[in-house]
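Undergrad: Fold the stuff below for me.
(one chain, ligands or ions: 1)
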Amino acid sequence: MSEPVRQGGANPTIMQSGLILAAVAAICTTLVALTFNMTRDRIAANEQAFLEQSLARVLSGISFNNDLSASALVVRVPHGLPGKENAIIYRVLNDSAPVAALFVVTATDGFTGPIKLLIGIDYDGAVTGVRALEHKETPGIGALIDENRSDWIYQFAGTSLNAPERSAWAIRRDGGEIDQLTGASVTSRAIVNAVNQTLLYFEANRDEIFTARADSGNTDE
Ligand SMILES: Cc1cc2nc3c(=O)[nH]c(=O)nc-3n(C[C@H](O)[C@H](O)[C@H](O)COP(=O)(O)O)c2cc1C
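TA: Predicted coordinates for the structure are as follows:
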């Protein structure tokens, strides 16, 4: 015998299915939220550990004996460094004497978005090394800024505001002396400009950088 056709009310089977779906969705949402909360701290700790491992590697072998993490200076926006967010400066000391500074800054004008950079500069104003920490540049094109994909980023070590001279601080395509990545002028230009801007900031603020208290926030306070 066929079931009588119900009129003017929701089919109980459809209502049941709806309730089950809603319950499953609620359980899934709760599980995702719980997992996110549990992993967030671990992700932040891993990112910090990765950054700290990277720090010494851009120093080109300069001797130092201070705790780099404890030397961190957060430079709040607005600042003269590349990027629209707070920058971090790690002060590098050897027997309390300043020997270098490490900058975590952001080039805002990458091809596919911001490029987070680690830039080391020695006390005399020469770049000790540059590394791309985070970016979304195109694989095989702009992503060749990664040291494990090409040597391009190594060319900055040894540069300073006078080498190449200031008018030549640009990629070759723009009349400068710095090699661009083939087919990735936008990415290359963004990094060249960010390194140059960081060098200018270091030149203008060197004394304040090394005398500011680790928790004081701004080098110009
Ligand atoms: C799919 C695609 C992805 C690209 N990715 C990048 C990139 O990551 N970085 C970059 O500088 N240019 C990238 N380009 C190339 C730029 O559009 C531009 O042509 C290049 O930066 C060269 O600029 P120029 O002609 O001023 O030298 C990409 C182009 C295409 C079609």
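
Undergrad: check contacts around Phe202.
TA: Ala101, Phe103, Ile121, Gly125, Ile209 (C-beta atoms under 8 Å, 6 or more residues apart in numbering). Placement of C-beta: from N, CA and C, glycine included.

Undergrad: Those residues also near the ligand: which ones?
TA: Contacts with the ligand within the contacts of Phe202, counted by C-beta under 6 Å from any ligand atom: none were found.

Undergrad: ok, so of these, who is nearest Arg40?
TA: If you rank those by distance to Arg40 using C-beta to C-beta, Phe103 comes first, at 26.0 Å.

Undergrad: That closest one is in contact with Leu199, isn't it?
TA: No - using C-beta atoms under 8 Å, Phe103 is not in contact with Leu199, being 9.7 Å away.

Undergrad: and those two? which has more neighbours close in?
TA: In terms of neighbours (other C-beta atoms under 10 Å), Phe103 is the more surrounded of Phe103 and Leu199; the figures are 27 against 23.

Undergrad: do you know how far the closest residue to that one other than its chain neighbours is from Ser63?
TA: Counting by C-beta to C-beta, 6 or more residues apart in numbering, Phe103 lies nearest to Ile119, which is 4.5 Å off, once chain neighbours are set aside. To Ser63, Ile119 is 20 Å away according to C-beta to C-beta, to the nearest Å.

Undergrad: same check, this time on Pro78
TA: Here Pro78 is placed at a distance of 35 Å from Ser63 (C-beta to C-beta).
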